[in-house]
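Enquirer: Pasted the sequence and its predicted model underneath.
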Amino acid sequence: MKININAEKLKQHRKVLNAFNNKKSLAIINFLAEKEECNVTGIHKSQHLTQPVASIVLKYLRAANVVKTERRGKSIFYSLNKPLIDHFLNFIHST
């Protein structure tokens, strides 16, 4: 039996798993789940993080496709990629 694994998909799934396995990432995910959307200033103030730390965490969440962004003027607003998160949570709960 040969097992075919798409390396790119595996890499993407690993990024999502890492996002949910990090306390700061998970706190931001939970905050955005309640708030719907927010800019980095609101996120770093609400999570008691420095702005650079919040930006780094958001960079990783964006790379994992866990958050979506929308530019409004000079600000970038972050929101959850709900279809991806729903798919991930359904997978976790089904095993």
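Expert: It's in.

Enquirer: how many neighbours does Thr50 have?
Expert: 9 (other CB atoms under 10 Å). For the C-beta atoms, the positions are set from N, CA and C on the backbone; glycine is no exception.

Enquirer: Need the pLDDT of it.
Expert: pLDDT, Thr50: 97.

Enquirer: What are the neighbouring residues in contact with the nearest residue to it once chain neighbours are set aside?
Expert: Spatially, and ignoring its direct neighbours in sequence, Thr50 is nearest to His44 (6.5 Å; CB to CB, 6 or more residues apart in numbering). Applying CB atoms under 8 Å, 6 or more residues apart in numbering to His44 gives the contacts Thr50, Gln51, Val53, Ala54, Ser55.

Enquirer: His44: what secondary structure?
Expert: Under the three-state scheme (DSSP: H, G, I helix; E, B strand; the rest coil), His44 adopts helix.

Enquirer: Look up how far Ala19 lies from it.
Expert: The gap separating His44 from Ala19 is 17 Å, by CB to CB, to the nearest Å.
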